[in-house]
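*Asks:* no FASTA, just this:
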């Protein structure tokens, strides 16, 4: 168990994403919003919770066959695209106050997804060194 992860910037961002996704899910669920809004918020809450648990339990180190930060970036970018479409639709249509609140929280979640993707992208070095570098003789 990595007790320092929730206090790190990436960990705090994952916790904030999870809380925002659950809040959006509750707003959409209570207001009987269209199914796409509720399903997207539920999927984002589930995926973010899974990635949070993955890093918290250090499973990314035990399962090295997948580049977990790259998968996390892919998740963040895809979620941001879907959140942009669905939450703008929820805010523009304005069926009731709960849907608008869920849409606004979803747009905040969109910003958190973009920040998370940028932080993760800065962490990955695609052409960086992989071990000790010794000069050629």
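*Replies:* Yep, that arrived. Note that the structure is a prediction, hence the values are computed from the model and not measured. Residues are numbered from 1 along each chain as shown.
*Asks:* Can you get me the centre-to-centre distance for the host helix or strand of residue 72 and its chain?
*Replies:* Using DSSP states H and E, residue 72 maps to helix 68-93. Centroid separation between helix 68-93 and its chain, computed with CA atoms, centre = their mean, to the nearest Å, is 8 Å.
*Asks:* list the buried ones in that helix?
*Replies:* Burial within helix 68-93, assessed by neighbour count using 16 or more other CB atoms under 10 Å, is assigned to 68-69, 72-73, 75-77, 79-80, 82-83, 86-87, 90-91. Backbone N, C-alpha and C define where each C-beta goes, glycine included.
*Asks:* got any ranges where this protein has weak pLDDT?
*Replies:* The chain contains residues with pLDDT under 70 at 125-137.
*Asks:* thinking again about what came up before, residue 13: which of the buried residues of helix 68-93 is nearest?
*Replies:* For those, the residue nearest residue 13 by CB to CB is residue 76; the value is 9.8 Å.
*Asks:* how about the helices in this structure?
*Replies:* Assigned by DSSP state H, the chain shows helices spanning 9-30, 35-56, 59-62, 68-93, 97-123.
*Asks:* Return the residues in contact with the nearest residue to residue 30 once chain neighbours are set aside.
*Replies:* Once flanking residues are discounted, residue 30 sits nearest to residue 98: 5.3 Å by CB to CB, 6 or more residues apart in numbering. By CB atoms under 8 Å, 6 or more residues apart in numbering, the residues touching residue 98 are 27, 28, 30, 31, 32, 33.
*Asks:* Isn't the last one up against residue 90?
*Replies:* Yes: applying CB atoms under 8 Å as the test, residue 33 and residue 90 come out as touching, 6.4 Å apart.
*Asks:* any shared contact partners between the two?
*Replies:* With CB under 8 Å, 6+ apart, residue 33 and residue 90 have common neighbours 99, 102.
*Asks:* Could you verify my assumption that residue 115 touches residue 14?
*Replies:* No: counting by CB under 8 Å, residue 14 is not a contact partner of residue 115; they are 11.2 Å apart.
*Asks:* ok, those two, which is more surrounded?
*Replies:* residue 14 (24 against 16; other CB atoms under 10 Å).
*Asks:* residue contacts, the nearest residue to that one once chain neighbours are set aside?
*Replies:* The shortest distance from residue 14 to any non-neighbouring residue, by CB to CB, 6+ apart, is to residue 52 (4.4 Å). Residue 52 makes contact with 11, 14, 15, 18, according to CB under 8 Å, 6+ apart.
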